[in-house]
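Colleague: predicted model follows, preceded by the sequence.
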Amino acid sequence: MNLKRIHIALGSLMLLCLSVGFTKMLVDKPEVSAVLISKKTIYTAGQEIQLNFELSTSVHTQLFLHSSFGNTILESENGNFIFPKFIANNKGMIQYTLLFDSQQLLSGGIKIIANTNTKVELESYVGPSSIIAGGNDYTMPVIIPTDIYDNPLPDSTAIGLKHQFLSNIKEEIVYTKDIIGWSAIFSYEQSGRLLLSSKVKETSSKEFSIVVFPALPQDFRITAKRKHKYADGNQITELITSTLKDKYGNIISDGTLVTFLIKNKKGVLLKTQASTIRGIAIAKILHPDHQDLWEIKAFVSGIAESDIVQIEYESVLDDFKVQFSENNREIVVGPLVSFMEQLIPDGATVTLKISQEDTIIDTKMMTSSNGEVIFKIPEGFYPNGNYDITIKTLGIEKQYENIIMQ
Amino acid sequence: MKTWNKNIYRSVILVSFLGIIILILFGISQVLSYLNTGANRSSMLHVNFENSQVYLPKVSWIDTINLGRPIEKQTLYDIQKDYLNAWYVGQVANQTYDTVGISDYYTAKTRKRIIEPIHNNKANAVRVHSTTIAHNLSLDFYSADGQLAVLTDKNVKQYQRVYKENQLLLETEIISDYKVLLLLEDGFWRIRHLIKEEAQPIKDIFCTGHLTMVEGDKIYVDHREFQIKGINYYPQKTPWDMFGNDFDPNVIQQDFDSIKAMGLNTVRIFLQYEDFGKAAVKEEKLQKLQQVLDKAENKGIKVIITLFDFYGDYLVLDWTLTHRHAEQIVSTFKNHKAILAWDIKNEPNLDFKSRGKENVVAWLREMTKQIKQYDPNHLVTIGWSDIASANILQDEVDFVSFHYYQDIDDFEELYAAMSAKIDKPIVLQEFGLSSSRGFWNPFGASEKKQAEYYEQFREITQKQNIHYLFWTLYDFETIPTDVVGSLPWRKHKQKYFGVIDSEGNKKKVLEFIGD
């Protein structure tokens, strides 16, 4: 009987122990519920943000934050969480989840908006930095106004945009949308420099400067200028354009390349180029060394062209002397005289062709010095025999057949 | 003796002289090449910048019409690439605290804001494994000079796993909208502003054109109840390499003929992740798969396709690559009538230990969603290797698949216990016995034993109407090392699971197959 009682007592003691143990285990992992006390859902950047939760049991909790730029976990013993600066200063939605021992108690979101009470900071981008006159082309200022924490100001922030061109100064108000405020500023008919600036509240931007280039050149005229009309192969003819302008009357940009194409009597094309200075291009070309007729036309490639100008060059001489000596192995050509019977300036080309039985053996070319050219035909290269000689200079050709060299 | 010694000294001196010269030259060349790094034009201009695709979340452009100016295709591509890279380097930094690349994809002012929380996390031992799964972009503004763009990125689906001191704290999927301003700097589109906005979720719309369905614990094909009687299939000559160079449609045709003749109606085949080209699935492989599926359809055989065979990297940052792999395969065949189900992965629970259960399960969970998104017509399952794992993700799959290689006498009891916990169709996706008695396995089962095993299983499956697929059609001559490792007795066992031996002779077991 007694034994039975002891058994019962022991049994109930064990039960008690077990139940105490069990409840202790339950205490170790309590059911926790939480309520958010702070009802504010919209905060301003830079303000202190504090979320306070009321917990059914006082336990260590964690708050997981997901923001624009990353994730953070905050820890708290009392359910009050103060957001660190790198979260509280950034605009955007923040999603939070309250955690207790990997258990999600509560989640929600708050919104941080830009702080419009701070000094405005401006970031401006303007491009393209050069545009074409005429009102078709435009440049685009893009302005990002932010608060001092670098958060873009809300949509519909007013931006004063000014631009100056020649005597005009204009102002317009644009409103931000999708972070930015922007405008398209079209060119005027004149070329020149366009200055831009912007202003939000008290903050002004830097000055931006845009070059307005003249538009494409219109067709133009050309003239030729030369010292005399003779084909002496020595003087220079200048080819000069009229002032190149766009259709609004702006002189086209310096450095525009003008190509002059010259067609001579034989149909051979000659070319010279020059770039414009103050709208005028001056190209230079050497006179021909024989009588010729040139047709000249100029182009700005693919854009504009000139009229056609014809100029004629007259031959400087009708005939010249040739002397054979030293068994015909020395040939003196000249004196070559020019249009006033002066000796032709040094450098006129004389060619001499040596042939035998209709086969050209050699062509020699020399330039004149003191109006003369001396060809020497050495024995070593040209054995004794009969040769045909042709001499050509300044567009005149002379032939000597069966010259016997010894 | 003396001259000999002398010669030794000479050669030692000569060799050490040569050695020193080589070392000096090597040292000089190293110094020169070090001094040259970063100075060549190509690296300054980033033209040979490492450009392999490591991050491929699903990107859809909603529209690109904006008031600024029309955007060029190439610029749009560049913006998308750099924007995704920005996300990628951010996620790497969150996971590893390594901020490399942040300076390439964020402007100087913005860098600070992204690095600060990372330093804070480092100080508090918090790591975040995360990836974005979908981006829906629209272009709000593109400036006239092509140097500035504003995007809205809607419904950014972001999966995150948060660890504190290596303890998993939170697993979460967050949907956000972002407003982004990018600037073109040094050839990179860099993020200048990134603002998380209130998300306005668009509901995922799944079109329903189900070719296969599940209701209660029954599987329906073309609105008729379907009982799976099937086989795990590899061609005899090319086990674990069905779509390789030796792919022969005629062999597959003949095998399907004999499978049909056995009275079976389903085959399970395997697509190897790397073999199929990882994130960029090879067209040639898809064509081969098409041929297999067409032959199955002609023969009236349904196919369970097991994806991601031999895939083992479940890291969160690798997710998007596997999503693109699945997308390309699954969407290609979403209307194919031969397919019964997509089996996401063979025996993923075997990777729990080495890769972490949370990694594997989270990957599988998202993958079920991905596959359903690209193919609403077919069922999705996961081929668990044992009964104990079968109830994992049972709400996500259409039917539950498990493999059974334990003692057949315990089967009924274990099966009953399992089916009480699961209210979806259950498929015994693999079972079988290797008739591998021989030198490497003296106590293994004989062909007779194998036949008895199948007889017993047929009784059970018939009695309880169990969907089954056994392992496998043929005995194989070679087993790749990737399958069971290189130990000869393991390989040996794996060779004799077939119901037809490697010479093409029918084994005893064949008479207990089918009805």
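Modeller: Received it, and whenever you're ready, just let me know what you need. Numbers count the residues shown, from 1 in each chain, chains lettered A, B, ... in the order given.

Colleague: nearest to chain A: which residue in chain B?
Modeller: For chain B and chain A, the shortest gap (CB to the nearest CB) falls at residue B:145, measuring 2.7 Å. C-betas here are computed from N, CA, C, even on glycine.

Colleague: residues contacting that residue?
Modeller: Counting by CB atoms under 8 Å, 6 or more residues apart in numbering or on different chains, residue B:145 touches A:125, A:127-129, A:140.

Colleague: roughly how far does it sit from residue A:142?
Modeller: 9 Å (CB to CB, to the nearest Å).

Colleague: find the residues that touch each one of the two.
Modeller: Residues touching both residue B:145 and residue A:142 (CB under 8 Å, 6+ apart): residue A:125.

Colleague: which residues of the stretch 151-300 of chain B fall in helices?
Modeller: Remark: helices assigned in the stretch 151-300 of chain B by DSSP state H, counting those that start in this stretch are B:249-261, B:283-299.

Colleague: distance of residue A:253 relative to chain B?
Modeller: Look at residue A:253 and chain B: by CB to the nearest CB, to the nearest Å, they are 20 Å apart.

Colleague: quick check: that residue touching residue A:214?
Modeller: Yes. Assessed by CB atoms under 8 Å, residue A:253 is found in contact with residue A:214 at 5.8 Å.

Colleague: more neighbours, these two?
Modeller: residue A:214 (23 against 16; other CB atoms under 10 Å in any protein chain shown).

Colleague: which residues touch the more buried one?
Modeller: A:132-133, A:191, A:245-246, A:248, A:250-253.

Colleague: over to residue A:316?
Modeller: Contacts of residue A:316 by CB under 8 Å, 6+ apart are A:230-232, A:337-339, A:344, A:394.

Colleague: over to residue B:326?
Modeller: Applying CB under 8 Å, 6+ apart, the residues near residue B:326 are B:307-308, B:367, B:370-371, B:374.

Colleague: what is the burial count for residue A:324?
Modeller: Count around residue A:324 with other CB under 10 Å applied: 16.

Colleague: oops, could you answer that again for residue A:130 instead?
Modeller: Burial measure for residue A:130: 12 neighbouring residues, criterion other CB under 10 Å.

Colleague: and the lengthiest strand in chain B, what does it pack against?
Modeller: Using DSSP state E, we find that the single longest strand of chain B is strand B:167-185. Using 3 or more CB pairs under 8 Å, 6 or more residues apart in numbering or on different chains; DSSP states H and E as the contact test, the elements touching strand B:167-185 are strand A:61-67, strand A:92-100, helix B:73-96, strand B:148-164, strand B:188-197, helix B:357-374.

Colleague: can the longest one be found next to chain A?
Modeller: Yes. Using CB under 8 Å from any CB of the partner chain as the criterion, contacts between helix B:73-96 and chain A involve B:90, B:94.

Colleague: so for that helix, what's the average pLDDT?
Modeller: Here helix B:73-96 scores 94 as its mean pLDDT.

Colleague: helix or strand right after it?
Modeller: The first helix or strand that comes after helix B:73-96 along the chain, using DSSP states H and E, is helix B:102-105.

Colleague: over in chain A, which residue gets nearest chain B? Let me know.
Modeller: Going by CB to the nearest CB, chain B is nearest to residue A:127 of chain A, at 2.7 Å.

Colleague: SS state for the nearest residue to residue A:282 once chain neighbours are set aside?
Modeller: Leaving out its chain neighbours, the residue that sits closest to residue A:282 by CB to CB, 6 or more residues apart in numbering or on different chains is residue A:240, at 5.1 Å. At residue A:240, secondary structure determined by DSSP: H, G, I helix; E, B strand; the rest coil is strand.

Colleague: residue B:331 now?
Modeller: Under three-state DSSP, residue B:331 comes out as helix.

Colleague: tell me where chain A has helices.
Modeller: Secondary structure of chain A by DSSP state H: the helices cover A:2-28, A:85-88.

Colleague: now the weakest link among those helices, please, by mean pLDDT.
Modeller: Lowest mean pLDDT within these: helix A:2-28, a mean of 57.

Colleague: quick check: residue A:237 touching residue A:296?
Modeller: No. With contact defined as CB under 8 Å, residue A:237 and residue A:296 do not form a contacting pair (9.2 Å).

Colleague: what do those two both touch?
Modeller: Residues within reach of residue A:237 and of residue A:296 at once, by CB under 8 Å, 6+ apart, are A:224, A:311.

Colleague: and for the closest residue to residue B:174 other than its chain neighbours, the neighbour number?
Modeller: Distances taken as CB to CB, 6+ apart place residue B:158 nearest to residue B:174, at 4.8 Å, with adjacent residues excluded. Here the number of neighbours of residue B:158 (other CB under 10 Å) works out to 19.

Colleague: residue contacts, residue B:158?
Modeller: Counted by CB under 8 Å, 6+ apart, residue B:158 has contacts B:130-133, B:173-176.

Colleague: thinking again about what came up before, ok, which of the contacts of residue B:326 also contact chain A?
Modeller: Counting by CB under 8 Å from any CB, nothing from the contacts of residue B:326 sits close to chain A.

Colleague: roughly how far apart are residue A:186 and residue A:134?
Modeller: Residue A:186 sits 9 Å away from residue A:134 when distances are taken as CB to CB.

Colleague: okay, these two: which has more neighbours?
Modeller: Neighbour totals were compared for residue A:186 and residue A:134, and residue A:134 leads with 20 against 11 (other CB under 10 Å).

Colleague: and residue 48, what's its pLDDT?
Modeller: Defaulting to chain A. In this model, residue A:48 is scored at 93, pLDDT.

Colleague: wrong chain, I was asking about chain B
Modeller: Predicted confidence (pLDDT) for residue B:48: 54.
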